[in-house]
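Novice: I'll drop the sequence and a predicted model, then ask my questions.
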Amino acid sequence: MIYLDNSATTNPKPINVINTTNFAMKKFSFNSGRGGYKESVDTSAKIYEVREKTANLVGVESQNVAFTSNCTLALNMAIKGILNYGDHVIISGLEHNAVTRPIEALALKGIITYDIFQYSYDKEVILKNIKNLIKPNTRLIVCTQASNVFGCKMPIEEIGHLAKENEIAFIVDGAQGAGVFEIKQKDANFDVYCSAGHKGLYGPMGVGFMAVKDNLKLNTIIEGGTGSSSLKLEQPDFMPDRFESGTLNNSGIIGLGAGIDFVNKKGINNIYSHEIDIIDYIYDELKDLKNVTLYTPSPRNFDTAPILSFNFKDYSSEKTALMLADKSIAVRAGLHCAPLAHVSFKTENRGTVRISPSVFTTQKHAEYFLNTLKKLA
């Protein structure tokens with residue numbers, strides 16, 4: 001199979017991630033922080049080791065990383081942890097439903113109001129669009145690091161500075177950014193950075209994280225046992241315990257640590273260069289095919305994640321994806337859980353076919369995909 005759906009989840013996983021995750025099931029299948037016996041203590045130490053790796057990745061203190069089951073839960077915890085009755089929120093027109101649905105749910109309950117700023121290839125226009133929406137009660141800006149549909153990268157650092165200047169909290173959805181782009185809290189000025197472990201960090205499914213800047217106090221949406229302050233009926237008020245109720249996914253977290261090791265060894269910039277070269281090559285070939293519709297400029301001409309959307313003939317995106325699947329090529333079709341992005345690019349009625357390579361995607365994989373599509377033409 002030629003796998004080109006890596007922005008959904010990376011596949012294959014690096015061998016060190018597979019081996020480490022399997023080993024963790026044997027060696028670290030104990031409740032961390034819940035026992036004084038050696039195995040529990042060793043498990044706690046291993047989880048902390050991964051916490052440090054994750055913190056270093058995004059530039060926060062290790063205790064400010066809370067592990068979750070996925071990026072969606074992390075975003076829900078961050079969004080609902082910051083907002084209160086009467087607050088106003090600004091989100092982008094490229095957001096995934098992991099952002100839009102929690103925001104919409106709060107709005108439907110009359111708790112908050114929100115506005116959507118439009119994406120532009122000109123970052124100054126983006127900043128202007130955000131500024132025009134700021135109100136006296138604007139409490140939060142939520143923004144994807146890069147679109148999961150069209151690859152469009154947001155000027156996170158500039159948005160972060162704008163948010164800080166206006167004393168507005170800033171959440172970054174890093175699902176398509178972690179492991180692909182370098183990001184540090186001191187540069188981006190984010191209050192919370194959320195991401196998945198199974199995408200650009202090459203970890204197993206079922207693990208994500210929420211990284212919080214120092215001294216940020218968030219409300220909880222989940223409470224329960226943490227192994228700390230157990231005599232008190234209220235949830236602990238310190239990180240990471242405040243947001244890690246219940247038993248952790250030890251093997252997933254430890255596998256994530258191996259994924260971060262893999263990314264660090266390869267080098268984030270090297271991974272990005274490889275993947276964007278693949279996308280650039282595919283784009284150049286597709287633009288000359290009369291039956292192919294592309295929606296963004298060449299990757300050489302704008303700041304983009306290694307993601308490309310297209311459509312073929314007058315087919316639905318799902319039909320094209322099924323035709324490619326019959327030739328053992330895995331792509332993603334439809335709306336990609338990001339209807340706002342499709343409305344922004346006027347593809348909401350058809351969706352798009354999405355290609356997203358990984359570090360394991362080769363030139364031959366790209367050539368096979370292109371040759372297959374040309375034969376279908």
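Specialist: Sure thing, it's come through. Numbers count the residues shown, from 1 in each chain.

Novice: which strands and helices sit next to the helix or strand where residue 353 lies?
Specialist: Per DSSP states H and E, residue 353 falls inside strand 352-355. Applying 3 or more CB pairs under 8 Å, 6 or more residues apart in numbering; DSSP states H and E, one finds that strand 352-355 contacts strand 308-312, helix 317-325, strand 332-334. Using the backbone N, CA and C atoms, a C-beta is placed for each residue, glycine as well.

Novice: now the strands for this protein?
Specialist: Ranges of strands in the chain, per DSSP state E, are 2-3, 65-68, 87-92, 112-117, 138-144, 169-173, 192-196, 208-212, 292-294, 308-312, 329-330, 332-334, 352-355.

Novice: what angle sits between the longest helix along the chain and strand 169-173?
Specialist: Secondary structure of the chain per DSSP state H: the longest helix is helix 38-58. Going by axes from the mean of the first three to the mean of the last three CA atoms, to 10 degrees, helix 38-58 is angled at 100 degrees with respect to strand 169-173.

Novice: what are the neighbouring residues in contact with the residue positioned nearest the centre of the chain?
Specialist: In the chain, the centroid-proximal residue (CA atoms, centre = their mean) is residue 175; its distance is 0.4 Å. Going by CB atoms under 8 Å, 6 or more residues apart in numbering, residue 175 touches 71, 96, 98, 144-145, 148, 194-196, 199.

Novice: and residue 39, how close does it get to residue 32?
Specialist: 10 Å (CB to CB, to the nearest Å).

Novice: wait, which of the helices and strands packed on strand 352-355 is closest to residue 9?
Specialist: When these are compared by CB to CB, strand 332-334 sits nearest residue 9, at 10.5 Å.

Novice: ok, that closest one: who's next to it in the sheet?
Specialist: Paired strands of strand 332-334, with direction, are strand 352-355 (antiparallel) (DSSP bridges).

Novice: and the partner strand, what's its mean pLDDT?
Specialist: The pLDDT scores in strand 352-355 average 98.

Novice: look at residue 39 and residue 32 and report which has more neighbours.
Specialist: Taking neighbours as other CB atoms under 10 Å, residue 39 and residue 32 compare with residue 32 leading, 22 against 14.

Novice: for residue 49, see how far away the more buried one is.
Specialist: In terms of CB to CB, residue 32 sits 11 Å off from residue 49.

Novice: what sits against the closest residue to residue 76 other than its chain neighbours?
Specialist: Spatially, and ignoring its direct neighbours in sequence, residue 76 is nearest to residue 102 (5.1 Å; CB to CB, 6 or more residues apart in numbering). For residue 102, the contact set (CB under 8 Å, 6+ apart) comprises 75-76, 79-80.

Novice: could you do residue 237 as well?
Specialist: Counted by CB under 8 Å, 6+ apart, residue 237 has contacts residue 217.

Novice: then the one 5 residues further on?
Specialist: Contacts of residue 242 were listed using CB under 8 Å, 6+ apart, and they are 66, 218, 220, 226, 235-236.

Novice: spatially, which two of those are the most separated?
Specialist: By the measure CB to CB, 218 and 226 form the most distant pair in the contacts of residue 242, at 14.9 Å.
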